[in-house]
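1. generate a structure from the sequence data that follows.
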Amino acid sequence: MTKFNTQLIHGGNSEDPTTGAVSTPIYRASTFHQRVLGGHPKWEYSRTGNPTRAALEKLMAQLEEGVAGFAFASGSAAIATVFSMYSRGDHFIVGKDVYGGTFRLINQVLKRFGMEFMVVDTRDLAAIEAAIQDNTVAIYFETPTNPLLQITDVRAVTVLARRHHLKTIVDNTFATPYNQRPLTLGADVVVHSATKYLAGHSDVVAGIAVTNDAALADRLAFLQNSLGATLGPDDSWLVQRGIKTLAARMRIHEENAAAVVAFLQSDAHVAKIYYPVLPDFPGHAVAAKQTRGFGAMIAFELRAGLDVKKFVEHLQLIDLAESLGGIESLIEVPAVMTHGSIPRAVRLRDGISDELIRLSVGIEDAADIIADLKQALGRLD
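-> Numbering: from 1, shown residues only. The predicted model follows:
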């Protein structure tokens, strides 16, 4: 079996069987000619299956070591489709620190359909076990979380889940399969916002789900086709192209993140840093055990009383923008942006303060990233 970095480039359908093209062709076709009535051709209609999308899905299944992958129009679409495997009255345990869009989906959509949810700190196995009810069907969490970088022990949670006949669903967006493969740690389904590190260039919106369970794969295939939030061929091609350089990009991302953290530790304007590489960071030992690297997402808080708005608006190189995982450095204020849909009292309870800043460290020269942070922080004096 080839190594992971080689699979990034040669995995999936990396060569077109018709022409030998080393770049998967973009099949811009809504439908396909069927030469025999009722003959069950491989390709019928692009919502059901498209060769370009299938190449990406096969690649992601290989990278996450699952039996099947599914590509969607966004990360939110992937998450919604996974939850659609379940029914009214089903109960879920959900990690307390999740992306604001996931919080919105759960509280403003899925609850209306009669699904039940209990928010738990999934780092606490006793709390998870105490939350299990007769109608509990699955545990859903991110690790590292968005935006506080909290680390959950995937293997420990999956052992607990299987003891109670529950499924485990893990959002692996921040870590990517380059650093972490939840399915190999016992999870049943892994989801991604492929918009982020997988595609890597801030030019596509996409989602991925992968499972190692054949029965779940059949259900996801049915729902992907039925709900129809599939990824188009052009975007499928862009994501697959981005994945080819994932390893190369992640090495630079992580080198730069280490340099940025060292700078932030030395700056008096910064009160707290959230980054799993720090030895005193809660979850550091778990992250070191279950991940290959610590990624390039950093969160930090300014000292109380400092003007967050002034700081982010005076950055010149780093873009003030939602999203993450692109080659360019992106910064945002969760309380106002990505997690703005969460009520302030809930945000504060869960540790998302008004002073919290999330930084996605890009692959620019680290000295330039640090210089930009330094000059913007200097405006606060």
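
2. going forward, measure contacts between C-alpha atoms and count neighbours the same way
-> Fine.

3. all strands for the chain, in order.
-> With DSSP state E as the criterion, the chain has strands at 68-72, 91-95, 116-120, 136-142, 167-171, 189-193, 207-211, 270-274, 297-302, 319-320, 330-332, 356-360.

4. got a markdown table for the ones you listed, with mean pLDDT too?
-> Listed next are these as a markdown table, based on pLDDT from 0 to 100:
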| stretch | mean pLDDT |
| --- | --- |
| strand 68-72 | 98 |
| strand 91-95 | 98 |
| strand 116-120 | 97 |
| strand 136-142 | 98 |
| strand 167-171 | 98 |
| strand 189-193 | 98 |
| strand 207-211 | 98 |
| strand 270-274 | 97 |
| strand 297-302 | 98 |
| strand 319-320 | 98 |
| strand 330-332 | 98 |
| strand 356-360 | 97 |
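
5. can you add distance to residue 60 and give those strands back as CSV?
-> CSV is the format used below for the strands of the chain (distance: least, C-alpha to C-alpha, whole Å):
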stretch, distance to residue 60
strand 68-72, 6
strand 91-95, 24
strand 116-120, 29
strand 136-142, 18
strand 167-171, 14
strand 189-193, 10
strand 207-211, 7
strand 270-274, 29
strand 297-302, 22
strand 319-320, 29
strand 330-332, 25
strand 356-360, 23
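
6. what's the closest of those strands to residue 55?
-> Residue 55 lies closest to strand 68-72 among those, at 9.8 Å (C-alpha to C-alpha).

7. who's in contact with the closest one?
-> 53, 56-61, 78, 206-212, 214, 217, 220-221, 224, 229-231, 236 (C-alpha atoms under 8 Å, 6 or more residues apart in numbering).

8. just the buried ones from these?
-> Applying 16 or more other C-alpha atoms under 10 Å to these, the neighbour count classes 53, 56-61, 78, 206-212, 217, 220-221, 224, 229-231, 236 as buried.

9. among these, which ones are in helices?
-> In this view, the buried ones among the contacts of strand 68-72 that belong to helices under DSSP state H are 53, 56-61, 78, 217, 220-221, 224, 236.

10. can you tell me which of the residues you listed is closest to residue 6?
-> The closest of these, once distances to residue 6 are taken by C-alpha to C-alpha, is residue 59, at 11.5 Å.

11. on that earlier part again, right, and the strands of the chain - which one's nearest residue 346?
-> strand 116-120 (11.2 Å).

12. now the closest one: buried residues?
-> Those buried within strand 116-120 under the rule 16+ other C-alpha under 10 Å are 116-117, 119-120.

13. which two in the ones in helices among the buried ones among the contacts of strand 68-72 are spaced the farthest apart?
-> Of all pairs drawn from these, the one with the longest distance (C-alpha to C-alpha) is 217 and 236, at 19.4 Å.

14. give me the number of residues near residue 279?
-> Close neighbours of residue 279, defined as other C-alpha atoms under 10 Å, add up to 11.

15. ok, and the closest non-adjacent residue to it?
-> Leaving aside its sequence neighbours, residue 279 sits nearest to residue 285 (C-alpha to C-alpha, 6 or more residues apart in numbering; 7.9 Å).

16. what do you get for residue 123?
-> In space, and not counting its chain neighbours, residue 123 is closest to residue 152: 4.8 Å by C-alpha to C-alpha, 6+ apart.

17. got a list of what the one you found touches?
-> 122-123, 142-144, 283, 286.

18. now do the helices in the stretch 1-150 of the chain.
-> Counting by DSSP state H, counting those that start in this stretch, the stretch 1-150 of the chain has these helices, from start to end: 4-10, 51-63, 75-83, 100-108, 125-131.

19. and residue 331, which of these is closest to it?
-> Nearest to residue 331 among the helices of the stretch 1-150 of the chain is helix 100-108; the distance by C-alpha to C-alpha comes to 16.0 Å.

20. what lies in contact with that closest one?
-> With contact meaning C-alpha under 8 Å, 6+ apart, helix 100-108 is reached by 76, 79-80, 117, 338-342.

21. for those, work out which two are farthest apart.
-> Taking C-alpha to C-alpha, no two of the contacts of helix 100-108 sit farther apart than 117 and 338, at 21.1 Å.

22. any idea how far the residue nearest to residue 123 is from residue 177?
-> 16 Å (C-alpha to C-alpha, to the nearest Å).

23. and if you look at residue 326?
-> To residue 177, residue 326 is 16 Å away according to C-alpha to C-alpha.
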